[in-house]
Every structure is written in C-alpha cells, then in structure tokens.
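Q: Give me a model of this one.
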Amino acid sequence: MAKILLCFSSHIYVDKKFRLISYYEGLINELEKHNNQVLVCNTAEFLKKSWNSANEESGFLKVNELRKVVEDFKPDLVISFNNSKLSFIEELCDCPIAIWQADSLTYYNDQERIKKNPNRYLYFCLSDDVAKQLREIGAKDENVFIINSGTAVVSEDIEISANVSFIGSNFAGPKSLAKLLSQHSSHEV
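A: This next block holds a predicted model:
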C-alpha cells in the first residue's frame, strides 16, 4: 500500500515516556491493518512547541539524524494534525501533505507558511468554519475536505456496573486524581 508519515502532538507523559492518545493509536492501527507502513512522529518529543507556534525542533535533537530517518522512509503521504510536524518536511518530501484538523485553525503550527503556499497542502476539516477560513487564505476547493471524525473504538458486551460513565479529558487534573487512578484499575474506580 502506502508509506505514511503521521505527525501529531500527544503530550501524555507516563513512566518517562510519551504515550499516544487513543485516537492516534487507533488511526495507526487501522492504517497498518490495511497494509500501510506508518512512521510515527509525536511532535511533543521533537518540537519546542507543538501547537500555535513554529515547527522548530528542540536544540537537544540531532536534526540531521531525524532528517535521514524521514529521507530513508520516503513517505508517499504525510499526514500532520494541526500542521505540527518536523520543520524540514516540505523541502524533503515532494509527496502530498495533508493537514488534519484537531483544533481550530488558530492552533495550527506554521500558519504563515500555510498562507504563503496554501495549495501545497490537502486539508481534512472537521468543521465548515475551518474549511471557510482555509478558502479565505487561498486554499482551492479541491484541496479542502470535510470529514467526520472516526474512531477505532469497538464495543464490548460486558455487564454494566454503573449507570454513569465519563470518557474524556480535562487536559490537567489534580495529582490526587492521578494517584487514585494509578493505584486502582479502571474497573474498580
């Protein structure tokens, strides 16, 4: 199938390692299930700031080594959530680059680069508002797609033990909550 470079920012840091949110993990699994080769770039590990900023690598990185990894991979497609990706992708890759909306356009990285050459990219938008904003900066209709957000979550037949559940994140929480959740399995809490 295709070689896909998948770039996103997942700031979940557990046991001295960045972890993937379920959405990205599910997308990777589905792409691989359909015989695609996926190279994952969690920009939380590489960029100084991975949203609403420039795609600028941390000074601690060996950028030439990263560049070689991408060059050797030779992607057929780059998918970048919120345009958060390594700074050299445009110059190194002549394949299509799809910018997939995770947040509003305000939080995309390298917005000035997008505005300078809006039709270098394909856009996967979750809302008509962002699609309209992209067209206003010069993106052609044939480069802008409205998509529904999908998930790889699959239901299970299990006995229901509680009538109310919460699935989500408030992006931050008290340390006491993290301690409570780490001390108990999710079935006990």
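
Q: just the helices in the chain please.
A: Secondary structure of the chain (DSSP state H): helices at 22-33, 63-73, 89-92, 111-116, 128-136, 175-183.

Q: quick one: contacts of the second one?
A: Counting by CB atoms under 8 Å, 6 or more residues apart in numbering, helix 63-73 makes contact with K3, L5, Q37, L39, F46, E57, L86, S87, F88, I89, L92, C93, all of which sit outside it. For glycine as for every other residue, the C-beta is placed from the backbone atoms N, C-alpha and C.

Q: and with 6 Å instead?
A: With contacts defined as CB atoms under 6 Å, 6 or more residues apart in numbering, helix 63-73 is touched by L39, E57, F88.

Q: Any idea how many residues pack against the second one?
A: In this case it means E57. E57 has 18 neighbours, counted by other CB atoms under 10 Å.

Q: related to what we said a few turns ago, so which of the helices of the chain comes closest to A162?
A: Nearest of those to A162, taken as CB to CB: helix 175-183 at 15.5 Å.

Q: quick one on the thing from earlier: among the helices of the chain, which is nearest I99?
A: Closest to I99 of the helices of the chain is helix 111-116 (CB to CB; 7.4 Å).

Q: residues in contact with the closest one?
A: By CB under 6 Å, 6+ apart, helix 111-116 touches I137.

Q: In PDB, list the C-alpha atoms belonging to that helix.
A: Coordinates of the C-alpha atoms in helix 111-116 are reproduced here as PDB (Å, rounded to 0.1, in the frame of the first residue of the first chain):
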ATOM      1  CA  GLN A 111       0.400  29.400   9.900                       C
ATOM      2  CA  GLU A 112       2.500  31.900   7.800                       C
ATOM      3  CA  ARG A 113       3.900  29.000   5.800                       C
ATOM      4  CA  ILE A 114       0.400  27.800   5.100                       C
ATOM      5  CA  LYS A 115      -0.700  31.200   4.000                       C
ATOM      6  CA  LYS A 116       2.300  31.600   1.600                       C
END
